[in-house]
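>>> Kindly return the folded structure for what I paste below:
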Amino acid sequence: MLRLGVISELGTGEWLGYARVSFDEVDMVSAWLPLPSASTKTAKIWLPIETGSQVSCLMDDECEQGTIQAALWSDDDTPPDWASEKTIGILFADGAKLYYDSEKSKLYFEKINADIEIKCNKLKITGDVDVTGDISSNGKIKGLQVEDVLNDLTQHQHLPQGLSPAQPITP
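Numbers count the residues shown, from 1 in each chain. Below you'll find the predicted structure:
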């Protein structure tokens, strides 16, 4: 039978991935029930549900065994401000947002005053990169010849107003 309840306790240790649910209409708390997951073998998705979240459960007639099916939106727990029929994403507990808007074809990651760390063997970006702020490197910057940059800087001239590069500058 379908029962609506509230997560009262989250499992740790050997009970990680399980929760206990309080069912007010029958005045009881469930045994450890498995939390829902989109995948469990080799591709694992971990989306914890917080205590106090309203959930739907499929339970046996005596409410002794069952499973948590889903977390539910409620008056107190509403979708994030960027949610729409054209977005998919995650709002993290610290306020960070990661979402994709298919209408705008744009991926957003928003977290003010945060560091982002990407660990991989090689990161390849195809397209323009627009940076506001400093860039630092602990390695070589390839594809950019320092001599070319220095030559451009030494050959660059500021001309008096009204003169073009073709006009000679006379002292």
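>>> Show me how this structure divides into domains.
The record's domain parsing of the chain by automatic domain parsing lists 2-71, 79-128.
>>> how close does residue 107 sit to residue 7?
31 Å (C-beta to C-beta, to the nearest Å). Quick note: C-beta positions are derived from backbone N, CA and C, even for glycine.
>>> Run through the bridge partners of the spatially most central residue of the chain.
Geometric centre of the chain, nearest residue: residue 98, 3.1 Å, by C-alpha atoms, centre = their mean. Here residue 98 sits in beta bridges with residue 90, residue 109, going by DSSP bridges.
>>> now the helices for this protein?
Assigned by DSSP state H, the helices in the chain fall at 146-155.
>>> worst-scoring helix or strand of it, pLDDT-wise?
Using mean pLDDT, DSSP states H and E, the weakest-scoring helix or strand in the chain turns out to be helix 146-155, at a mean of 59.
>>> Any stretches of the protein with poor pLDDT?
Applying pLDDT under 70 to the chain picks out residues 144-171.
>>> Longest strand in the protein, please.
Longest strand in the chain, counting residues (DSSP state E): strand 2-10.
>>> And the strands in the chain, which stretches?
Using DSSP E, strands in the chain cover 2-10, 18-23, 28-29, 33-34, 54-59, 66-71, 87-91, 97-101, 106-110.
>>> Now tabulate those strands in CSV and tack on distance to residue 79.
Shown next, in CSV, are the strands of the chain (distance: least, C-beta to C-beta, whole Å):
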stretch, distance to residue 79
strand 2-10, 18
strand 18-23, 22
strand 28-29, 28
strand 33-34, 24
strand 54-59, 14
strand 66-71, 12
strand 87-91, 9
strand 97-101, 11
strand 106-110, 16
